[in-house]
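Engineer: Sequence first, predicted model second:
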Protein chains: 2
Amino acid sequence: MSGSGRRVVATGTFDILHPGHLYYLEESRKLGDELHVIIARDANVRHKPRPVIGEAQRLKLVRALRVVDAARLGDPTDMFRPIREIDPAVITLGFNQHFREDDLEKALRERGIGAEVVRIGEYTGDPCTSTRRIIERILETRAGSGKDQVPESRKGGS
Amino acid sequence: MSGSGRRVVATGTFDILHPGHLYYLEESRKLGDELHVIIARDANVRHKPRPVIGEAQRLKLVRALRVVDAARLGDPTDMFRPIREIDPAVITLGFNQHFREDDLEKALRERGIGAEVVRIGEYTGDPCTSTRRIIERILETRAGSGKDQVPESRKGGS
């Protein structure tokens, strides 16, 4: 442990940022002094459709959030490697992340990692708080509309 | 003018945040000491399709960015009112915003507002740097796939 305070690790895909992500990160940050985010690589997202937004771009957006102290992409083959490097006191899970707390703690202990696992609750304060719902909404409202072109000639005024 | 430094105003819809937005905000911020963002209200987005994400949620995300010092929604009827309140030295336009610099400066002068108008160039460093392109990509890759459901039973392990 370096002397720099209690580190928290949050993880996720963060495909199309929304207030649900923000809530997860803000609640995670409250559990320590520094929030480190590990972002899933495109190739490692296998339990749901491939992200719409590529990994470099997802990383850039998460890094731009005030609540985030550091962000990096996950390891291509060993998900525990960045956790060992960061050496967090706490690892948080989002409400819909597919790990079970006890399974993950067991796997961490087997690798000599002492971090506590905390599940952050669901945020329900806004209408579009899941990437899936945002995508559904786009498919419902925009498919076949052909209206996503901004008229070239339209200019300001009021 | 209060004594708190050179204020810059950036404006936009900011529907589905992407690195193009971030570039616009970062370049705007460099032109002064404080970045104030005015976010278009849903009802005032008329020159392109209505935003996918509602105004309260778009405001929340922009406000969460480190580069942003303050953010608010636009005025429902008078786009100049928040500009008068903020009293910026500079107002920036994104590369695809539909105002012309000289038209906007003329309208500002007519209202006794002395701010300079600066157009920020296009950012091309990432593949998905426009909301329209992100939406097109979703329509191309996800329409009819029915794959946006995460299997309930899928649990962690590696």
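Structural biologist: Looks like it arrived, so ask away.
Engineer: Please spell out the segments of chain A that come in under the pLDDT threshold.
Structural biologist: A:1-4, A:127-129, A:144-158 (pLDDT under 70).
Engineer: all strands of it, in order?
Structural biologist: Assigned by DSSP state E, the strands in chain A fall at A:7-12, A:34-39, A:70-73, A:90-93, A:116-119.
Engineer: Off-centre distance for the second one?
Structural biologist: The one in question is strand A:34-39. Chain-centre distance of strand A:34-39: 9 Å, with Cα atoms, centre = their mean, to the nearest Å.
Engineer: do the fourth one as well
Structural biologist: How far strand A:90-93 lies from its chain's middle: 12 Å, per Cα atoms, centre = their mean.
Engineer: same thing with the first one?
Structural biologist: Its chain's average C-alpha position is 9 Å from that of strand A:7-12, according to Cα atoms, centre = their mean.
Engineer: tell me the angle that strand makes with strand A:34-39.
Structural biologist: 30 degrees (axes from the mean of the first three to the mean of the last three Cα atoms, to 10 degrees).
Engineer: Stretch A:9-26: end-to-end distance?
Structural biologist: Start to finish, the residues bounding stretch A:9-26 are 12 Å apart (Cα to Cα, to the nearest Å).
Engineer: Check whether that stretch comes near chain B.
Structural biologist: Yes - part of stretch A:9-26 sits near chain B under the criterion Cβ under 8 Å from any Cβ of the partner chain, namely A:16-19, A:22. C-beta here means a position set from N, CA and C on the backbone, and glycine is covered the same way.
Engineer: ok, and the most crowded of the residues you listed?
Structural biologist: Ranked by neighbour count under the definition other Cβ atoms under 10 Å in any protein chain shown, the residues of stretch A:9-26 next to chain B are headed by residue A:16 with 26 neighbours.
Engineer: list the contacts for the closest residue to it other than its chain neighbours?
Structural biologist: Nearest residue to residue A:16, sequence neighbours excluded (Cβ to Cβ, 6 or more residues apart in numbering or on different chains): residue A:131, at 4.9 Å. Residues in contact with residue A:131 (Cβ atoms under 8 Å, 6 or more residues apart in numbering or on different chains) are A:13, A:15-16, A:18, A:52.
Engineer: Walking through chain A, point out its helices one by one.
Structural biologist: Per DSSP state H, chain A carries helices over the ranges A:19-29, A:55-63, A:81-86, A:101-110, A:131-142.
Engineer: report the angle between the axes of the first one and helix B:55-63?
Structural biologist: This points to helix A:19-29. For helix A:19-29 against helix B:55-63, the angle by the same axes, to 10 degrees is 50 degrees.
Engineer: and for helix A:19-29, what are the contacting residues?
Structural biologist: Contacts of helix A:19-29 (Cβ under 8 Å, 6+ apart): A:8, A:10, A:12, A:14, A:35, A:37, A:62, A:65, A:67-68, A:90, A:92, A:94-95, A:118, A:120-123, A:125-126, A:128-130, B:57, B:60-61, B:64.
Engineer: would you list the helices of chain A in TSV and tack on distance to residue B:86?
Structural biologist: TSV is the format used below for these (distance: least, Cβ to Cβ, whole Å):
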stretch	distance to residue B:86
helix A:19-29	24
helix A:55-63	26
helix A:81-86	39
helix A:101-110	46
helix A:131-142	30
